[in-house]
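In: Here's a sequence, model it:
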Amino acid sequence: MAFNFDFFASEQGEQDANALIQYLRQQHPEALARIAQSASPEIRQIITQNVQGLVGMLPSEDFNIQVTTDRENLANLLASAMMTGYFLGQMEQRKNLEANLSNTDSL
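Out: Prediction:
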């Protein structure tokens, strides 16, 4: 999975003023791909369930589901999913750290 900077290209001036996008452009594509793939299956499952809950959970085998939205609402949905992923990644790291620290108490 590669990061697509053109996704943000609505207004070039805004894009150039965004320091985070500039930083991302300086990173090697392999590093960005590794980070994008680093989410655990548990995190991916939670994000999938969250997005499905936001969009609706009609069973696709019984319904021909189509979702229509505008660019801004789709961007908000993607931002929400990304923030959820970041939060869950941090909580997973915290859980692992706490588990590791509780194992060292017995030493």
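
In: Break this protein down into its domains, please.
Out: 1-38, 41-107 (automatic domain parsing).

In: Quickly, which of these bottoms out on average pLDDT?
Out: Mean pLDDT is lowest for domain 1-38 among the domains of the chain, at a mean of 70.

In: will you turn the domains of the chain into JSON lines that also has mean neighbour count?
Out: Placement of C-beta: from N, CA and C, glycine included. Shown next, in JSON lines, are the domains of the chain (neighbours: other CB atoms under 10 Å):
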{"stretch": "domain 1-38", "mean neighbour count": "10"}
{"stretch": "domain 41-107", "mean neighbour count": "11"}
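
In: okay, which residue is most central for the protein?
Out: Nearest residue to the geometric centre of the chain (CA atoms, centre = their mean): M82, 3.0 Å.

In: any idea how far that one is from A75?
Out: Counting by CB to CB, to the nearest Å, the gap from M82 to A75 is 10 Å.

In: The residue nearest to the centre of the chain in helix, strand or coil?
Out: helix (DSSP: H, G, I helix; E, B strand; the rest coil).

In: Quick one: residues contacting the nearest residue to L88 once chain neighbours are set aside.
Out: Leaving aside its sequence neighbours, L88 sits nearest to I43 (CB to CB, 6 or more residues apart in numbering; 4.6 Å). Residues in contact with I43 (CB atoms under 8 Å, 6 or more residues apart in numbering) are G85, L88, G89, E92.

In: From the residues you listed, which land in helices?
Out: The members of these that map onto helices under DSSP state H are G85, L88, G89, E92.

In: before we move on, the earlier item: any chance of the contacts of I43 in a markdown table, with distance to I21 too?
Out: Compiled in a markdown table, the contacts of I43 are given as follows (distance: CB to CB, whole Å):
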| residue | distance to I21 |
| --- | --- |
| G85 | 18 |
| L88 | 23 |
| G89 | 21 |
| E92 | 26 |
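
In: Pick out the most distant pair among those residues.
Out: Farthest pair in the contacts of I43 (CB to CB) is G85 and E92. Separation: 10.3 Å.
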